[in-house]
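Engineer: turn this into a structure:
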Amino acid sequence: MDSETKLSIIIPAWNEEATIAKTLEMLLGLTAGRSDTEIIVSVSGDDRTAELASAFPVTVCHSEKGRAIQMNTGAKLAKGSILYFLHADTVPPPSFCNDILSAVERGFEAGCFRMTFDDPDWLMQLYGWFTQFPLTICRGGDQSLFITRELFERIGGFDERMQIMEDIDIIERIQRQTEFHILDSTVTTSARKYHANGTVRLQAIFGTIHLMYALGFSQDDIREFYRNSVS
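Structural biologist: Residues are numbered from 1 along each chain as shown. Got it, this is the predicted structure:
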């Protein structure tokens, strides 16, 4: 392991050619001058995401489709002692590296940021406001996830059998080991799916998916419901 690298930023990307360059430009700007970070893009899909990402000073790897599989593939290449999983359409706060490193130094082994949307509409901001609360229904992959490599390996990483809700599954397994810490600062994520599917309708769909997961519906049933409901 490279002793200089502390934080490995891992981005699972599936057909993200429209956003990946902007995301990497932003991340490289936020980490400029740091020798303790690296960026890994774990690519699946058949568009130009890998080609575009390869033009930047980051590690690009190819993976089978599936966010859990992609994130585990990226983690296997990571050199850092802390892993930070970030969606391609989510922007972390400028202080995110220090926020995470400071939290780990204070003894928190895993956690996430609060979240807001890139839409000032009051309802979208209200959805984001709820992410400050330590409730499972308020969690989601868009809030990103930091976790020490030691804890990640101890709990077996992401469950690659999961096609959906893999982010909630790993949080539940983390919480059986230690406290899941919610950082005070905020990531900003795209509201594009809400715009495409309706702000109230999509939130109701996500709530239904959480309920189906809690009630023990199969992964195939939950995925089919999602695919039939979200464009």
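Engineer: every contact and neighbour count from this point should use C-alpha atoms.
Structural biologist: Noted.
Engineer: by residue count, which helix of the chain is the longest?
Structural biologist: Counting by DSSP state H, the longest helix found in the chain is helix 199-214.
Engineer: wouldn't residue 142 be in contact with residue 91 here?
Structural biologist: No: taking contact to mean C-alpha atoms under 8 Å, the distance of 9.5 Å between residue 142 and residue 91 leaves them out of contact.
Engineer: need the residues touching each of those two.
Structural biologist: Between them, residue 142 and residue 91 share the neighbouring residues residue 189, with contact defined by C-alpha atoms under 8 Å, 6 or more residues apart in numbering.
Engineer: which parts of the longest helix of the chain are buried?
Structural biologist: Buried residues in helix 199-214, defined by neighbour count with 16 or more other C-alpha atoms under 10 Å: 199, 202, 205, 206, 209, 210, 212, 213.
Engineer: ok, so of these, who is nearest residue 166?
Structural biologist: Using C-alpha to C-alpha, residue 213 comes nearest to residue 166 of those, at 10.6 Å.
Engineer: so what's that closest one up against?
Structural biologist: Residues near residue 213 by C-alpha under 8 Å, 6+ apart: 165, 222.
Engineer: looking at it now. What's its pLDDT?
Structural biologist: Reading off the per-residue confidence, residue 213 sits at a pLDDT of 94.
Engineer: likewise the one 5 residues further on?
Structural biologist: You'll see residue 218 listed with a pLDDT of 95.
Engineer: again, but for residue 137
Structural biologist: At residue 137, the predicted lDDT confidence score is 87.
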